[in-house]
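A.B. asks: Let me see the structure of the following:
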Amino acid sequence: VPVQFLPITATLSSTNVQPAFGQVFLSALTPVLLVPTDAWTYNDDPENVQPLLFGQQGHQAATGDGLRLGDVGSFADARRVVIEFRCEPVTAVVRESDEFEKQLGTMLQQLKAGPSDEDLFQLLTTTLSGHAEVDISQHHSWISDVYDIHDDGSLVLVLSQFNNTPDFLRDVRARVWVVPTGDVTSDLYISLRSAGGEIRTETAHLHLRPGTTHRPALQSATHGPKTLLQQMELYSSLRAGTVDEEALASDFPLNTSNDEVMLGDLPPQAAVAAFFDFQMVPADRPHRRSEPTAFPATRTTLNGEADHAFLQVANDRNTRAWRPQIAGFRPDGPLGFAVYFKNSGKAIAQDVRIRLALSSDEQGIAAHGTMTAANANSVGGDARVTFDRPTPGVRVYYDRGDVYRVSSNAGRLIDATKIQDGIPIGDLDPGEWGWLKVTYATSAVARDSSSGECLFGAAIADERIERTISFENSTHMPVADVKLRVHLDYQPQMIRTSIVLTANGKELARRTTHAATAGKPVLLRYGDAQVYTSLTPRHIDARKATESEISLGNIPADQALFIRLIYDVVAAPEPKRCGGGCRLCAEKEPCPF
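C.D. replies: Here you go, the predicted model:
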């Protein structure tokens, strides 16, 4: 069964010893299916591989009684069995049957509760080890062969499409059709397209029971939950007749026309899911579905039952301590805003967009966020940052923005130009929620070199620190050929960092920072550098700025230059000795040579 969190259990059994168990766990960004494709054995040399005994194939490792390894002698005769899997994103065709339902229930129980108490001791005392290498980036999606379809049966196609591209896919639709290929075989095709063209086309091979007089025809399609575990839970509940009406809130019929199913828009790093129901109809009589239904535009609500405030602020890029306002903020530090979005209604929220606008004065920074949808009233919120003292000329520079949805583990990067124009979130299912996180760098702009200042901070190993400097060109002429130089001075209890901007041999601005090291030897390892003359940054390679001046280009007239340097704080290596022969080693001192 394809899942996003997949436990793989290996069992080694024999007629005269207790069985041994081993387990590895895989976590994928999207639902995946692992298909065993090959297997081999070796003794001591991994290059000297041997084929499986008795002419067995790798796929038999996961079917029937497994692989037969024959008799195993003493430990000196031990050998390894390597099983290779193909890892694929999933589009699954499943046939309703008791066997599938049984497998589904077992997998759901294992995912929810973990191994049973009876198996726990055996798993903890495992004698097998496992290693997994997973790569889903180069594989096509999978549709299974489906066997034993008969007149009284039915067919369900589960479509799960994850948009792992940077493109916003508009008007996504799926076309599904069945083509007979023989007396007892047919091919089922599904083609997924957007307004920009074809996304992919897949084929499933259907095998009918001999004597079957009916053929599958698309009956209806419903919008399903976007995570595979939710899909399986819903499917299992429907089959068992235990589904709660509230659980079906996200199960909406989709409009179908000429075998096409309309799926809506699909943003980057988001998923769409649907169930396609097929009905077995007589092969000699064409199946006619009713005309497509025009579903009314249903109103919904946004953030009506919010678990978090709509808009909050934090003065640390990595913190979760969001709050409606911050007092005593000192410019030159990082600043982050989080917008929480949730569809709290019982209809799909269509074309959701979020806007974030910032304004500042000498007292602080104000943020206003709005969220709109095509079928919901807009929602707004405010957050406020107050400076520690009146500070004119504070500027805000965009760092990055990410959208996170509950239906995906991955965030989606946002272009700075879309923050105010409106960030497209896409459709939100009832109960679906997520975060928009936007971070900025702030600076009190320096107009001359006399405004350089000395700050005190901390530099602790395994942390990341930032050093910034800014200069405003208040003239009507560009400042040409600006250069950057960084001086690092390691002292016993602190690191002294000086950043200097010069042009034509004249110093424009200097900023010095003292960072305490708590007596532990640390080093600053260069990470990244960004230069701003507008809202968006450009990245530069400033690793050689500690050795000599590097060029930054020009500062346009009436604009500010802002530089953001990022360093990783790492523990200094243990001092080495030269092995004797010099005065320092003779005196048992660390030798710099």
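
A.B. asks: contacts and neighbour counts: CA atoms only from here.
C.D. replies: OK.

A.B. asks: Spatially nearest residue to A503 (excluding sequence neighbours)?
C.D. replies: Using Cα to Cα, 6 or more residues apart in numbering and skipping residues adjacent in sequence, the residue nearest A503 is V482, 4.7 Å away.

A.B. asks: likewise E549?
C.D. replies: Spatial nearest neighbour of E549, excluding adjacent residues (Cα to Cα, 6+ apart): R485 at 4.8 Å.

A.B. asks: before we move on, back to that, quick check, the residue nearest to A503 in contact with L552.
C.D. replies: Yes. In this structure, V482 is within contact of L552 by Cα atoms under 8 Å, at 5.4 Å.

A.B. asks: higher neighbour count, the two?
C.D. replies: Taking other Cα atoms under 10 Å, V482 and L552 do not tie; V482 has more neighbours (21 against 17).

A.B. asks: what's the neighbour count on R525?
C.D. replies: R525: 13 surrounding residues under other Cα under 10 Å.

A.B. asks: so it bridges to which residues?
C.D. replies: D568 (DSSP bridges).

A.B. asks: got it, and L302?
C.D. replies: N343.

A.B. asks: Then the one 10 residues further on?
C.D. replies: Residues in a beta bridge with Q312, per DSSP bridges, are A338.

A.B. asks: just checking, it touches L335?
C.D. replies: No. Using Cα under 8 Å, Q312 is not in contact with L335, being 10.9 Å away.

A.B. asks: ok, those two, which is more surrounded?
C.D. replies: Q312 (25 against 22).

A.B. asks: I'd like to know how far the more buried one sits from Q60.
C.D. replies: 54 Å (Cα to Cα, to the nearest Å).

A.B. asks: what does L428 give?
C.D. replies: For L428, the distance to Q60 - Cα to Cα - is 42 Å.

A.B. asks: And these two? Which one has more around it.
C.D. replies: When L428 and Q60 are compared for neighbours, L428 comes out ahead with 25 against 16, by other Cα under 10 Å.

A.B. asks: Number of residues surrounding the nearest residue to that one once chain neighbours are set aside?
C.D. replies: Nearest residue to L428 in three dimensions, chain neighbours excluded: A349, at 5.0 Å (Cα to Cα, 6+ apart). A349 has 26 neighbours, counted by other Cα under 10 Å.

A.B. asks: Isn't A349 up against N377?
C.D. replies: No. Using Cα under 8 Å, A349 is not in contact with N377, being 10.4 Å away.

A.B. asks: Could you name every residue contacting both of those two?
C.D. replies: Common neighbours of A349 and N377, using Cα atoms under 8 Å, 6 or more residues apart in numbering, are 301-302.

A.B. asks: helices and strands around the host helix or strand of T370, which ones?
C.D. replies: Assessed by DSSP states H and E, T370 sits inside strand 364-373. Other elements packing on strand 364-373 under the criterion 3 or more Cα pairs under 8 Å, 6 or more residues apart in numbering; DSSP states H and E are strand 349-361, strand 376-387.

A.B. asks: can you give me how far that strand is from the chain middle?
C.D. replies: Its chain's C-alpha centre lies 25 Å from the corresponding centre of strand 364-373 when counted by Cα atoms, centre = their mean, to the nearest Å.

A.B. asks: now stretch 552-559
C.D. replies: Taking Cα atoms, centre = their mean, one finds stretch 552-559 lying 37 Å from the centre of the chain it belongs to.
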